[in-house]
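> got a sequence here, can you build the structure:
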Amino acid sequence: MSYYQLLGMTKEPFSTSPDPQFFYASHEHKAALIKAMIEVRLKRGLSVIMGDVGTGKTTLCRKLLQMFKERNNIEFSMILDPDFSDETIFLDSLMKAFGINTDHRIFSSAERKEMLQDFLFQKTVEEDKTIVLLIDEAQKLSLPSLEILRVLLNYETNDFKLLQLVLVGQLELQEQLRQLRNVVDRISFKYILNPIVELSEMKELINFRLKTAGYAGNTPLFTDEAFREIYEHTQGYPRRIGMLCHNALRELIMHDKTVVTGDVIRHLVAQEIII
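Predicted coordinates:
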């Protein structure tokens, strides 16, 4: 039996998998979600969301995917690892993401771009759809790939961009974008995700995930001192918080305890069991 079942839960509360069910809308994440959705609905083109490692970017991507799927007029595609070696492979990946059938024929780069333009025009103008492409780990995009995306962002009517592009990546993405000034000029929305600032919000995040996992006990699993120690040693980074809480709950089971105290957290930190 898993540790979380022994604690009365039905799911693992601090899994590292980006499950949107466990997405906690912190002030930072809520702002990024709302603003990104507004940009997409207004069809303004390019949105960029950046953040340090462990700030919850991938979970944010999955939440955006869930929100887009709830809207009938939005068709959403996602590329998780855009580390493509050349232009042709990236173009093929885009066509596959959009579901463009090539009948296994070989096309030139120019022909592929024309097919992408035709697809975007048909969907957005003739079918009145909003086409969204989200690229996670966007800092892996090469300069040729970014140039292709710039070309796609040039496709527009008098009123809106045919493609709504959301780039989500680590902070070094900013330096890559600066190398292509004509891409930077097309950014309609940029947001940098920061760690959780307030201890109270971190406490809400932990309790939210416990409740979502099914915990309904009358006794809190973490003391106030434990919360303070967690915040101090994770600096508000969601991934670090999750890993430390996961290890803390395992400690309860292993040592037959009922509550995570400050001593438990300090013990884990001393062992460098943080991230």
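
> give me the buried positions along stretch 235-247.
Judged by neighbour count using 16 or more other CB atoms under 10 Å, the buried positions of stretch 235-247 are 236-247. Yep, even glycine has a C-beta here, placed from its N, CA and C like the rest.

> burial of I131, as a residue count?
23 (other CB atoms under 10 Å).

> same question for A248.
Neighbourhood size, A248 [other CB under 10 Å]: 25.

> could you do L65 as well?
L65: 17 neighbours (other CB under 10 Å).

> that one is in what secondary structure piece?
Using DSSP states H and E, L65 sits within helix 57-69.

> what helices or strands is that helix leaning on?
helix 27-41, strand 46-51, strand 74-79, strand 130-135, strand 163-169 (3 or more CB pairs under 8 Å, 6 or more residues apart in numbering; DSSP states H and E).

> any chance of the ones you listed in a markdown table, plus distance to I89 and mean pLDDT?
As requested, those are exported to a markdown table (distance: least, CB to CB, whole Å; pLDDT from 0 to 100):
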| stretch | distance to I89 | mean pLDDT |
| --- | --- | --- |
| helix 27-41 | 27 | 93 |
| strand 46-51 | 22 | 96 |
| strand 74-79 | 12 | 93 |
| strand 130-135 | 14 | 96 |
| strand 163-169 | 18 | 97 |
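
> could those go into JSON lines alongside distance to F189?
Converted to JSON lines, those look like this (distance: least, CB to CB, whole Å):
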{"stretch": "helix 27-41", "distance to F189": "5"}
{"stretch": "strand 46-51", "distance to F189": "4"}
{"stretch": "strand 74-79", "distance to F189": "17"}
{"stretch": "strand 130-135", "distance to F189": "13"}
{"stretch": "strand 163-169", "distance to F189": "9"}
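
> just to revisit the earlier point, so how far is the helix holding L65 off the chain centroid?
Distance of helix 57-69 from the chain centroid (CA atoms, centre = their mean, to the nearest Å) equals 6 Å.

> V184 is nearest to which of the helices and strands packed on helix 57-69?
strand 46-51 (9.3 Å; CB to CB).

> can you give the contact residues for that closest one?
By CB atoms under 8 Å, 6 or more residues apart in numbering, the surrounding residues in contact with strand 46-51 are 32, 35-36, 39-40, 57, 60, 138, 153, 161, 164-171, 173-174, 177, 183, 186-194.

> show the contacting residues for T59.
18-20, 22-23, 238.

> tell me the helix or strand right after the longest helix along the chain.
If you go by DSSP state H, the chain has its longest helix at helix 238-254. Next in sequence after helix 238-254, counting helices and strands by DSSP H and E, comes helix 262-270.

> any buried residues in that next one, and which?
For helix 262-270, by 16+ other CB under 10 Å, it's 262, 264-265, 268-269.

> what does the helix or strand of the chain with the lowest mean pLDDT rub up against?
When the helices and strands of the chain are scored by mean pLDDT, DSSP states H and E, helix 3-6 comes last with a mean of 82. By CB under 8 Å, 6+ apart, the residues outside helix 3-6 that reach it are 10-13, 213, 249-250, 252-253.

> alright, I will stop here.
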